[in-house]
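>>> The following block contains a protein sequence and its predicted model.
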Protein chains: 2
Amino acid sequence: MPGSEVYVGFDLGGSFLKASSFSLDGELAERRSIDSQWCLRPQDYLDLFKDAAKSLSSDKHLKGIGTAVAGVLDPEAGVIVDSPNLPALSGVPLLEMLKDSFAPIPLQMMNDANAAALGEYFAGAGVEHESMFIITLGTGVGGGFVVDGEIWSGASGMAGEIGHMVIEKNGKPCTCGSRGCLEAYFSGWALERDAKAHAQQYPDSAIGSLDIISPISLSELASSGDDEARTILENGGYALGAGIANIMNLLNPESIVLVGGLVNAKEHFLSFAQMAWEENSFDQASSSSKVFVGKLGEWAGVRGAIQPFLSE
Amino acid sequence: MPGSEVYVGFDLGGSFLKASSFSLDGELAERRSIDSQWCLRPQDYLDLFKDAAKSLSSDKHLKGIGTAVAGVLDPEAGVIVDSPNLPALSGVPLLEMLKDSFAPIPLQMMNDANAAALGEYFAGAGVEHESMFIITLGTGVGGGFVVDGEIWSGASGMAGEIGHMVIEKNGKPCTCGSRGCLEAYFSGWALERDAKAHAQQYPDSAIGSLDIISPISLSELASSGDDEARTILENGGYALGAGIANIMNLLNPESIVLVGGLVNAKEHFLSFAQMAWEENSFDQASSSSKVFVGKLGEWAGVRGAIQPFLSE
């Protein structure tokens, strides 16, 4: 019975393991988001993966498992080289461990930004576009350039780092040690930094009165009409737009797709981003590189993680 | 006699038509640089092309002509959409006119930056690298991304415009109408602007005493030890390096190749560019994306212009 065969996709971030089952032609069957914050050792993560795979494929034949992981991977060795959000897995040969746990089921692993890119390209906002640049807007900012269904990873797998594109030389310090990166102007951490600085300077302001200062609370405040919260998001949006203009002028992809948690605040920043990309790119580039918001939301990564099986 | 068959490559800029003949495997045979500043009408240019082709192939069988042109082309229609440096050819269907003049010899046309990119990729500094980003440093700054021997031109042919990459949002005004573009910090015109501003402010300085202020005279002054001339070139070099860092982080090509007239001043700017790209890119990116100076100099374009025949 072909209907009882499934692929399972995982997307492991700092707080949750997202897991979905898909039909063999990539249609979503089931999905769940599982707390992973209790995991302290690699074995804990393996147990989490095994339980999730079991519950998603209990009465089905599991044909392949694709895993997205937040971190820098060595794709050939299957090792997590570095992952600030998954410290217990840094240096761990996760792919081998998963293969041992799930043998003989075929396994694929990629980083989460690449997985989100493939998810949106094949099943989301990038469908029908030959070339797509994805921008992941979360605590940090990442990216990926997809052409003809392949991610352009570059000479050593470093391509796509739009978050660390200089948009203001000698500008604000970035977590990477450099200055003036896009991420230092628009990202979860940069918005939080700006909001906290504002709160410190104006403790009686609405921002200063927030219990928890985060991109979410800042966005909620902006939605309630607070001008200062709006200004922080709008300034960030303008910086994002300068980065988008650079992508338009440099790569002129058919689509530029925005994904990640910050997209939820788009009503506050997207029009300012558009102002910036229209001001800073050639008309011919901006009119042919269309900007979209991702369609799969936080579920792009699980869909992209199984793409290698569908593309075989 | 195979030895008597040749391709001819042209590269038409604002002041000169460069012309070369090549063997059928792309080896240079002869070359010449012909003054084109007297050309006022499209027909003048056609005469120039015909004379040059004739003299380069007088006793040989001309198998194909490849032409590079400084300007924005509509590659499908073969029309020069816009060319600030060749105003007489703006809007002219040059490819058709050349085909009429040279029929039945096969003809190819591309813009000069793309031609230089293909020249360096197949016969210059990019040989042995799968992916290359070329940066043309002249009066303006252009670029091109070559992967597997193909130029990535983007959704509407606009890709590669690194000169108009924002490296300082809301920064210096650029000729394109935007602000903060790389070209507004390092290009022939930007260096000239900075040198002239210096001369105006300090008329008694060495820069202020120059008869003609140009990138060449500025570079000569720097070579003679003038600190102020050096500083202008060094600051420009740092800006170039920020742009190079962005290419490393975003595309991580195997090679980044610098070409164009300004390369002659590399002793004054390249080490500052390197400082900037090392400061502003990930180590893993900068160590795998090697920066080279082009090997073909101003003759990359004529070599690239005939590449379509060699790749057939």
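Alright, I've got the coordinates.
>>> Can you tell me, leaving aside adjacent residues, what's nearest to whatever residue of the stretch 101-250 of chain A ends up closest to chain B?
Proximity of the stretch 101-250 of chain A to chain B (Cβ to the nearest Cβ) peaks at residue A:154, 2.6 Å away. For every residue, glycine as well, the C-beta is placed using N, CA and C. Nearest non-adjacent residue to residue A:154, counting by Cβ to Cβ, 6 or more residues apart in numbering or on different chains: residue B:252, 2.6 Å away.
>>> tell me the secondary structure for that neighbour?
Going by DSSP: H, G, I helix; E, B strand; the rest coil, the secondary structure assigned to residue B:252 is coil.
>>> close enough to count as contact, it and residue A:157?
Yes - assessed by Cβ atoms under 8 Å, residue B:252 is found in contact with residue A:157 at 7.5 Å.
>>> Work out for me the element the spatially most central residue of chain A sits within.
Central residue of chain A (Cα atoms, centre = their mean): residue A:136, 3.9 Å from the mean position. Using DSSP states H and E, residue A:136 sits in strand A:131-137.
>>> what lines up beside the next helix or strand after that strand in the sheet?
For strand A:131-137, the succeeding helix or strand toward the C-terminus, using DSSP H and E, is strand A:141-147. In the sheet, strand A:141-147 lines up against strand A:131-137 (antiparallel), strand A:150-151 (antiparallel) (DSSP bridges).
>>> got the CA positions of strand A:141-147 in PDB?
Extracted in PDB, the C-alpha atoms of strand A:141-147 (Å, rounded to 0.1, in the frame of the first residue of the first chain):
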ATOM      1  CA  VAL A 141      19.800  36.400  10.200                       C
ATOM      2  CA  GLY A 142      20.800  33.800   7.600                       C
ATOM      3  CA  GLY A 143      20.300  33.100   4.000                       C
ATOM      4  CA  GLY A 144      20.600  30.800   1.100                       C
ATOM      5  CA  PHE A 145      20.700  31.100  -2.700                       C
ATOM      6  CA  VAL A 146      18.800  28.400  -4.600                       C
ATOM      7  CA  VAL A 147      19.200  27.900  -8.400                       C
END
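>>> contacts for that strand?
A:113-114, A:116-118, A:121, A:126, A:130-136, A:151-152, A:159-163, A:182-183, A:186-187, A:251, A:253, B:152, B:250-251 (Cβ atoms under 8 Å, 6 or more residues apart in numbering or on different chains).
>>> Please pick the buried ones from these.
A:113-114, A:116-118, A:121, A:126, A:131-136, A:151-152, A:159-163, A:182-183, A:186-187, A:251, A:253, B:152, B:250-251 (16 or more other Cβ atoms under 10 Å in any protein chain shown).
>>> Need the residues that contact the strand holding residue A:136.
If you take Cβ under 8 Å, 6+ apart as the criterion, strand A:131-137 is touched by A:112-113, A:116-117, A:120-121, A:126, A:141-148, A:162, A:186-188, A:240, A:243-244, A:247, A:251, A:253-263, A:294, B:154-155.
>>> Which among those count as buried?
Of these, these count as buried by 16+ other Cβ under 10 Å: A:112-113, A:116-117, A:120-121, A:126, A:141-147, A:162, A:186-188, A:240, A:243-244, A:247, A:251, A:253-263, A:294, B:154-155.
>>> Show me these that map onto strands.
In strands, defined here by DSSP state E, the members of the buried ones among the contacts of strand A:131-137 are A:141-147, A:255-259.
>>> ok, residue B:252 and residue A:157, which is more surrounded?
residue B:252 (27 against 20; other Cβ atoms under 10 Å in any protein chain shown).
>>> picking that back up, tell me the bridge partners for the residue nearest to the centre of chain A.
With DSSP bridges as the rule, residue A:136 is bridged to residue A:142, residue A:259.
>>> How about residue A:74?
Beta-bridge partners of residue A:74, as defined by DSSP bridges: residue A:79.
>>> Could you count how many residues lie near it?
Using other Cβ under 10 Å, residue A:74 has 13 other residues around it.
>>> Could you do residue A:249 as well?
Applying other Cβ under 10 Å, we find 30 residues neighbouring residue A:249.
>>> isn't it right up against residue A:288?
No - if you go by Cβ under 8 Å, residue A:249 and residue A:288 don't touch, sitting 11.5 Å apart.
>>> Can you work out which residues contact both of the two?
Common contact partners of residue A:249 and residue A:288 (Cβ under 8 Å, 6+ apart): residue B:158.
>>> Close to chain B: what parts of the stretch 101-250 of chain A are there?
Proximity of the stretch 101-250 of chain A to chain B, by Cβ under 8 Å from any Cβ of the partner chain, involves residues A:131, A:143, A:145, A:147, A:152-162, A:164-169, A:171, A:176, A:178-181, A:238-239, A:242-243, A:245-250.
>>> repeat that for 6 Å
A:154-156, A:158-159, A:161, A:164-169, A:178, A:242, A:246, A:249 (Cβ under 6 Å from any Cβ of the partner chain).
>>> So which one of those residues is the model least confident about?
Taken together, those show their lowest pLDDT at residue A:158, with 86.
>>> nearest to residue B:196, of the strands paired with strand A:141-147?
Closest approach to residue B:196 among the strands paired with strand A:141-147 (Cβ to Cβ): strand A:131-137, 38.3 Å.
>>> coming back round to it: run through the residues that contact the residue nearest to residue A:154.
Shown in contact with residue B:252 (Cβ atoms under 6 Å, 6 or more residues apart in numbering or on different chains): A:154-155, A:158-159, B:285, B:289.
>>> and those residues, which two are the farthest apart?
Between any two of the contacts of residue B:252 (Cβ to Cβ), the greatest distance is 9.4 Å, for A:159 and B:289.
>>> roughly how far out does the least confident helix or strand in chain A by mean pLDDT sit from the chain middle?
When the helices and strands of chain A are scored by mean pLDDT, DSSP states H and E, strand A:72-74 comes last with a mean of 85. Distance of strand A:72-74 from the chain centroid (Cα atoms, centre = their mean, to the nearest Å) equals 15 Å.
>>> what sits up against that strand?
Surrounding strand A:72-74, the residues in contact under the criterion Cβ under 6 Å, 6+ apart are A:80-82, A:111.
>>> I'd like these as JSON lines, with pLDDT appended.
Shown next, in JSON lines, are these (pLDDT from 0 to 100):
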{"residue": "A:80", "pLDDT": "92"}
{"residue": "A:81", "pLDDT": "89"}
{"residue": "A:82", "pLDDT": "84"}
{"residue": "A:111", "pLDDT": "87"}
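>>> Quick one: buried ones out of the residues you listed?
For the contacts of strand A:72-74, buried by 16+ other Cβ under 10 Å: A:80-81, A:111.
>>> thinking residue A:303 is in contact with residue A:123, fair?
Yes - Residue A:303 lies in contact with residue A:123 (Cβ atoms under 6 Å); the separation is 5.1 Å.
>>> neighbour-wise, which of the two wins?
residue A:303 (30 against 22).
>>> Report the separation between that one and chain B.
From residue A:303 across to chain B, the span is 24 Å (Cβ to the nearest Cβ, to the nearest Å).
>>> how about the CA coordinates for stretch A:291-302, as PDB?
The C-alpha coordinates for stretch A:291-302 follow below in PDB (Å, rounded to 0.1, in the frame of the first residue of the first chain):
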ATOM      1  CA  VAL A 291       9.900  39.800  -2.500                       C
ATOM      2  CA  PHE A 292       7.600  37.300  -0.800                       C
ATOM      3  CA  VAL A 293       6.900  36.200   2.700                       C
ATOM      4  CA  GLY A 294       7.400  32.500   3.100                       C
ATOM      5  CA  LYS A 295       4.400  30.300   3.000                       C
ATOM      6  CA  LEU A 296       5.400  27.500   5.200                       C
ATOM      7  CA  GLY A 297       6.200  29.600   8.300                       C
ATOM      8  CA  GLU A 298       8.300  27.700  10.900                       C
ATOM      9  CA  TRP A 299       7.600  24.500   9.000                       C
ATOM     10  CA  ALA A 300       9.700  25.200   6.000                       C
ATOM     11  CA  GLY A 301      12.700  23.400   7.500                       C
ATOM     12  CA  VAL A 302      11.000  20.000   8.000                       C
END
